[in-house]
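[1] here's a sequence, model it:
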Amino acid sequence: MCMILMGILLFSCDNDDYPHAEIPSVVLNEFWSHFPKASDVEFTKTGDDYMVDFEWNGNDAGVVIAPAGVVIKEKMEISFEELPAGVKQALGKFRKNKIGDIEIVKINDNTFYHVEIKQFWLDKRIVLDTTGKEENKLSYWH
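    Coordinates of the predicted model:
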C-alpha cells in the first residue's frame, strides 16, 4: 500500500504543476522584466529560440527570445490610428474595412508594420517600413 501511495505522489509531481519548468530562467527573467503585466502567456520552443505569445494591455503580442536571454524580435497589435503617416498613406489604396490585423514589429533597431489585407479568397499579408514602403525581403510574422 505504501508503494502505491508513493507512486501516486511521484506521478503527480510533473511539469504540469510548473508550466514554465522547461524554459531557461534567463529567458523567463528577460520576458518578465520587459512585460511584467503580461497575461495569457504561452512559451513555445522554435528551433533554439523561444517564442512567447501573450496579451499586453488587451492586445495580442509576441516576442522571440534567444536561449541567452536576448530579445530577437517583438510584435504588438496596434490600431490604424497608431500608424505613422507614411504607412497610413500607403494603405490608402485599400478600403479601410479591408485592412485587418495591424502589428508593429521591432527587429533589433528596425521597426516594421505587418498588415493583413482582407481579400475575397485569400487574405494578403504585407510588411511595410516606417515610411510605408513595402518590404518584400522580410517575411510576415504569423
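[2] give me the residues contacting the helix or strand hosting residue 127.
    Using DSSP states H and E, the element containing residue 127 is strand 124-129. With CB atoms under 8 Å, 6 or more residues apart in numbering as the test, strand 124-129 has contacts from 87, 90-91, 105, 110-117, 134-136, 138-140. From N, CA and C alone the C-beta is placed, and that goes for glycine too.
[3] domain assignment for the chain?
    The record assigns the chain these domain ranges, following automatic domain parsing: 20-70, 78-132.
[4] mean pLDDT and mean neighbour count for those - can I get that in TSV?
    Listed next are the domains of the chain as TSV, based on pLDDT from 0 to 100; neighbours: other CB atoms under 10 Å:
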stretch	mean pLDDT	mean neighbour count
domain 20-70	93	15
domain 78-132	90	14
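[5] the residue nearest to the spatial centre of the chain and residue 122, how far apart?
    For the chain, residue 62 is the residue whose C-alpha lies nearest the centre (CA atoms, centre = their mean; 1.7 Å). Applying CB to CB, to the nearest Å, the value for residue 62 to residue 122 is 23 Å.
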